[in-house]
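> requesting a structural model of the entry that follows:
(2 chains, ligands or ions: 2)
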Amino acid sequence: MILAPVEYCRPDTVDEAVEALNSSPDARALAGGQSLINVLKMRAAAVDLLVDISRLEELKGIVRHDDGTLEIGAGVTYAELAESDLLGGDPRAIAEVAADTVDPQVRHRGTIGGNVCHADPINNFPPLMVALGATMHVVGPDGAARDIPAEEFFTGFFTTAVEDGELLKSITVPALADGTAVGYVDLEIGEAAARAVAVVRTEDDQIAEAKLVIGCLPVPTRRPEVEAALVGTAVTEAAVAEATAAAADGVEPLSDADATAEYRKAVIPVVAKRAVLAAAKGGHRG
Amino acid sequence: MDRSDTFDIEFTLNGEAVAATVPARRLLIHFLRDDLDLTGPKIGCDTGHCGACTVLYNGRTIKSCMMLAVQADGATIETVEALAADGEMTPVQQAFHEHHALQCGYCTSGMVMSATYLLEKNPSPSPEEIREGLRGNLCRCTGYVNIVEAVAAAAGKETSA
Ligand code: FES
Ligand code: FES
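Numbers count the residues shown, from 1 in each chain, chains lettered A, B, ... in the order given. Ligands and ions are numbered 1, 2, ... in the order given. Okay, the predicted model is just below:
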């Protein structure tokens, strides 16, 4: 397919990139391009300027701060995440999810920033970022900077809190508390039919704290009632199944080529149960 | 910072320096096939799913239908044409030939690029690792068993060489 005529620029700094993004209302940041190029092929968005941020060194860092917080540049690729020594400890789930993203070619180009900003409901990182309590660092014109909790970042179908003219610069992920682990489960039918991420702290074989986020929905969705029901539950399949039985209550999944909404609703409690059990047994993937 | 709909680019292609002028909207695969006559990389799906257009970009496999030609600027690109440059097949190509790892051949150049990259990173992959390494390459003739056998055989050859 041939793209519509478009202009392109390759800024050398984040400041220049933000300036370019503000030079036209239809400017778009081009990171790894693994989603955007298809959007352009389909001519599904009017774009008059592509701002290539794929080589910006400022977006490439993975840093472990002294308090254990991990800071990941928006331009870090899945392959770089999967290969990073810094992700060897917790939250190891980030490296594992990155290593399992699509296929080697996509992992060599696609970035974590592009993944969360594209906010396709079936993307794998949005529910993980919400479950891990990540913070998104966004920059704008004239040195403006905003920190957005992941839970407020995803605002709708393919929509995030990043405004026109802003750019996601990095993501920070707090260290997990002692005794806490992440469970990440997806049901890969087509791209993904259902996905759940659980962050669970156990104490004496009981769940002391739990966070549960369901993916493959228009926005990654926390389930506070289920989280509350999980507290005090024994780490057994029966007990966790009972607590997660309501995981799909009130959610409205989409129907698409991979799965119908009805099917998704039926399997959400299953992936939720598996994610909680995986996390409660020390993580990471179930 | 230049903003334009046309760019002069310079890059290394199969070991040789190349300079060209490309429209910003030109996909790398179209540039390679239509402008530079390198028809090894194929267009299968044109949506980033099939891997028929796989080439090496700075030493790593990428799908050339999912990149712009202008992004080749300053990079090193290798297509399947770089492999048997002296007319002698590489171990991966030889193994594909011997194990009947192709029927129509449409997926083959992409498969060979991914397999070559895989063996470079992991010289003795398990069958499971071979399948994972080729996850981004689809074969519509579905000859996967022979493809995996060919890559395993090439690995054996390379480790004993
Ligand atoms: S043509 Fe590029 S992935 Fe299919
Ligand atoms: S040999 Fe025909 S597509 Fe693979």
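
> residues in a beta bridge with residue B:21, which ones?
Note on residue B:21: beta-bridge partners by DSSP bridges are residue B:8.

> got a list of what it touches?
Residues in contact with residue B:21 (Cβ atoms under 8 Å, 6 or more residues apart in numbering or on different chains) are B:6-9. C-beta here means a position set from N, CA and C on the backbone, and glycine is covered the same way.

> who wins for neighbours among those?
residue B:7 (20 neighbours; other Cβ atoms under 10 Å in any protein chain shown).

> which residues touch the nearest residue to that residue once chain neighbours are set aside?
Using Cβ to Cβ, 6 or more residues apart in numbering or on different chains and skipping the chain neighbours, the partner closest in space to residue B:7 is residue B:70 (4.7 Å). Counting by Cβ under 8 Å, 6+ apart, residue B:70 makes contact with A:8, A:52, B:7, B:9, B:22, B:24, B:26.

> distance to residue A:259 and pLDDT for the contacts of residue B:21 - can I get that in a markdown table?
Formatted as a markdown table, the contacts of residue B:21 follow (distance: Cβ to Cβ, whole Å; pLDDT from 0 to 100):
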| residue | distance to residue A:259 | pLDDT |
| --- | --- | --- |
| B:6 | 44 | 97 |
| B:7 | 42 | 97 |
| B:8 | 47 | 97 |
| B:9 | 42 | 98 |
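
> which of those sits closest to residue A:165?
Nearest to residue A:165 among these: residue B:7, at 23.9 Å, using Cβ to Cβ.

> what helix or strand is the residue nearest to residue A:123 when sequence neighbours are not counted on?
Ranked by Cβ to Cβ, 6+ apart and with sequence neighbours excluded, the top spatial neighbour of residue A:123 is residue A:115, at 5.2 Å. In this assignment (DSSP states H and E), residue A:115 forms part of helix A:112-118.

> would you tell me which helix is longest in chain B?
Ranked by residue count under DSSP state H, the longest helix found in chain B is helix B:144-160.

> run through the residues that contact the spatially closest residue to residue B:4 that is not a sequence neighbour.
Spatial nearest neighbour of residue B:4, excluding adjacent residues (Cβ to Cβ, 6+ apart): residue A:7 at 6.1 Å. By Cβ under 8 Å, 6+ apart, residue A:7 lies in contact with A:48-50, B:3-5, B:24.

> hang on, isn't residue B:122 packed against residue B:129?
Yes - with contact defined as Cβ atoms under 8 Å, residue B:122 counts as touching residue B:129 (6.1 Å).

> re earlier: and the helix holding residue A:115, C-alpha only, in CSV?
C-alpha atoms of helix A:112-118 as CSV (Å, rounded to 0.1, in the frame of the first residue of the first chain):
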residue,chain,number,x,y,z
ILE,A,112,7.1,0.5,25.0
GLY,A,113,6.1,4.1,24.5
GLY,A,114,4.4,3.3,21.2
ASN,A,115,2.6,0.4,22.7
VAL,A,116,1.0,2.4,25.5
CYS,A,117,0.4,5.5,23.4
HIS,A,118,-1.3,3.6,20.6
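
> next structured bit after it?
For helix A:112-118, the following helix or strand on the C-terminal side (DSSP H and E) is helix A:125-131.

> need the residues that contact that next one.
For helix A:125-131, using Cβ under 8 Å, 6+ apart, the contacting residues are A:93-94, A:97, A:112, A:115-116, A:119, A:136, A:150-151, A:153-154, A:171, A:173, A:182, A:184, A:195-199, A:211-215, A:219-220, A:222.

> please redo it, this time with the cut-off set to 6 Å
Defining contact as Cβ atoms under 6 Å, 6 or more residues apart in numbering or on different chains, one finds that helix A:125-131 is touched by A:97, A:112, A:115-116, A:150-151, A:154, A:195, A:197, A:199, A:211, A:213, A:215, A:220.

> chain B: which of the residues you listed is nearest?
Chain B has its nearest neighbour among those in residue A:115, at 14.1 Å by Cβ to the nearest Cβ.

> give me the below-cutoff pLDDT ranges for chain A.
Across chain A, the ranges flagged by pLDDT under 70 are A:87-91, A:284-286.

> again, only using 90
Counting by pLDDT under 90, chain A contains low-confidence ranges at A:1, A:44-46, A:68, A:84-93, A:177-179, A:188-192, A:257-258, A:282-286.

> over to chain B?
B:1-2, B:85-86, B:157-161.

> how does it look with 70?
B:1, B:157-161.

> okay, now the domains of it?
B:3-82, B:91-154 (automatic domain parsing).

> with adjacent residues omitted, what lies nearest to the residue in chain A positioned nearest to ligand 2?
Of the residues in chain A, the one nearest ligand 2 is residue A:103, at a distance of 15.9 Å by Cβ to the nearest ligand atom. Spatial nearest neighbour of residue A:103, excluding adjacent residues (Cβ to Cβ, 6+ apart): residue B:136 at 2.9 Å.

> which elements pack onto the host helix or strand of residue A:148?
Per DSSP H and E, residue A:148 falls inside strand A:145-149. Counting contacts by 3 or more Cβ pairs under 6 Å, 6 or more residues apart in numbering or on different chains; DSSP states H and E, strand A:145-149 is packed against strand A:135-139.

> am I right that the residue nearest to residue B:7 sits in a helix?
Yes - read with DSSP: H, G, I helix; E, B strand; the rest coil, residue B:70 is one of the residues of a helix.

> and the gap between it and residue A:276?
47 Å (Cβ to Cβ, to the nearest Å).

> on that earlier part again, pull the distance from the helix holding residue A:115 to the chain's centre.
Counting by Cα atoms, centre = their mean, to the nearest Å, helix A:112-118 is centred 7 Å from the centre of its parent chain.

> mind listing residues that contact it?
With Cβ under 6 Å, 6+ apart, helix A:112-118 has contacts from A:31-32, A:35, A:72, A:74-76, A:123, A:125-126, A:160, A:162, A:168.
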